[in-house]
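Visitor: quick check, what structure comes out for this input:
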Amino acid sequence: MTQALQSVLFVDDEPHILNTMRWLFKRQYNVLVADSGAKAIEILKQQKVDVIVSDQKMPGMTGVEVLHQAKELCPASMRILLTGYSDFDATVGSVNKGEIFRFVQKPWVNRELKEVVNLAADSASHTASDIIKSFKTSPGAYAEPNDAMTDIDNPAVLVLDGDRESSVHIRDSLINRSQVFYTHDMEAALNLLEKESIGVIVSETRIGRNDVTSMIKLLKHYHPDIVSIVMTNCNDANTVIDLINEGQIFRFLTKPVKHGMCRLCIEAGLRKHKELKANPNLAKRHIVDKHTLAVRITGETEGTAEQAHSTNLSAASVSSGFFASMINRIRGLRTSRAG
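Guide: The predicted structure follows:
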């Protein structure tokens, strides 16, 4: 019996782009197209779609709005945002509302776009049944948590932020809900990750002169059940894009953050952590862009990055020093978190 082709929906208001997508993917997938967000939503209401690739800037409904509704209508789908410009608000919305798998910028490279869509389709095929099962047995699993969530068995929250006021703010938001550790030092953060059962990390992008984003990305690569929430003053869209593609962050919040929003996001993160911990197969939905991450970590040429990619970003591919030590320690968390 021939296996049915997976369905990929492309949403863009430019006909020539939709024609290009048909040409690129017609041999591999059942290609669906929509020239508006409204038409895309109608398709999603009528049939199962495995991957949705939407442009951001469209009249009537933005790509973020399309993917946000797609998450509700078709939770097992993998969502990709395609755009020709780096708009900060739209990029943040793609994280917080669409929970997207990748952010692809125009003009794209055909080979790279096909790799992203193929990876998304593969992830969808291996996890759809798990998502549907979870949704049927626990319909609230994909909703934002409410005030009744006081599970004392929640794993701990680690706050990595040089702003003590923000750390205390988070602690006050989660009082009697989860144990919260906070630090303004990356070394201390690694110590806590080794010693404590951390389910959610809330982090700034920088602590003093240190860039924290590499640690966030490596944590997701080696331990996809750890959920990352970035809370920062940074308003650079490219930083958010990198954190989506290479770190699969769960939420991105700009300071100052209101108590209620802070609590809801962290509790949603704790719920997501439990979901990933209970069903490790769902980690396939959060695969990071290891190749780009390897280039960034090694700071070397693409040839060296390929070597790092093939060796699973081993410390041997990085010059000795803090990064090599950090990679080894983060990899080593696997043993301490096995239980």
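Visitor: what ranges do the strands span in the stretch 151-300 of the chain?
Guide: Counting by DSSP state E, counting those that start in this stretch, the stretch 151-300 of the chain has strands at residues 156-160, 180-183, 198-203, 206-207, 210-211, 227-232, 251-254.
Visitor: kindly reformat those strands as a markdown table containing mean pLDDT and distance to residue 23.
Guide: Glycine gets a C-beta too; all of them are placed from N, C-alpha and C. Listed next are the strands of the stretch 151-300 of the chain as a markdown table, based on pLDDT from 0 to 100; distance: least, C-beta to C-beta, whole Å:
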| stretch | mean pLDDT | distance to residue 23 |
| --- | --- | --- |
| strand 156-160 | 92 | 46 |
| strand 180-183 | 88 | 52 |
| strand 198-203 | 95 | 42 |
| strand 206-207 | 90 | 43 |
| strand 210-211 | 88 | 40 |
| strand 227-232 | 95 | 37 |
| strand 251-254 | 94 | 34 |
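Visitor: closest to residue 53 out of those?
Guide: strand 251-254 (21.1 Å; C-beta to C-beta).
Visitor: residue 327 - that's part of a strand, no?
Guide: No - counting by DSSP: H, G, I helix; E, B strand; the rest coil, one finds residue 327 to be helix, located in no strand.
Visitor: count of neighbours near it?
Guide: Counted with other C-beta atoms under 10 Å, the neighbours of residue 327 add up to 24.
Visitor: separation between it and residue 42?
Guide: Note on residue 327: its distance to residue 42, by C-beta to C-beta, to the nearest Å, is 47 Å.
Visitor: try residue 116
Guide: 25 Å.
Visitor: more neighbours, these two?
Guide: Shown here are residue 116 and residue 42; by other C-beta under 10 Å, residue 116 has more neighbours (22 against 11).
Visitor: confidence-wise, which helix or strand of the chain is lowest on average?
Guide: Every helix and strand in the chain was compared by mean pLDDT, DSSP states H and E; the lowest is helix 302-310, with a mean of 43.
Visitor: show me the contacts for residue 220.
Guide: 226, 228, 247, 248, 249, 286, 288 (C-beta atoms under 8 Å, 6 or more residues apart in numbering).
Visitor: which among those end up buried?
Guide: Neighbour counting with 16 or more other C-beta atoms under 10 Å marks 226, 228, 247, 248, 249, 286, 288 as buried within those.
Visitor: rewinding a little: which one of the contacts of residue 220 is nearest residue 209?
Guide: Nearest to residue 209 out of the contacts of residue 220 is residue 247 (C-beta to C-beta; 20.1 Å).
Visitor: give me the number of residues near the closest residue to the closest one other than its chain neighbours?
Guide: Closest residue to residue 247 apart from its sequence neighbours, by C-beta to C-beta, 6 or more residues apart in numbering: residue 217 at 3.9 Å. Residues lying near residue 217 (other C-beta under 10 Å) number 27.
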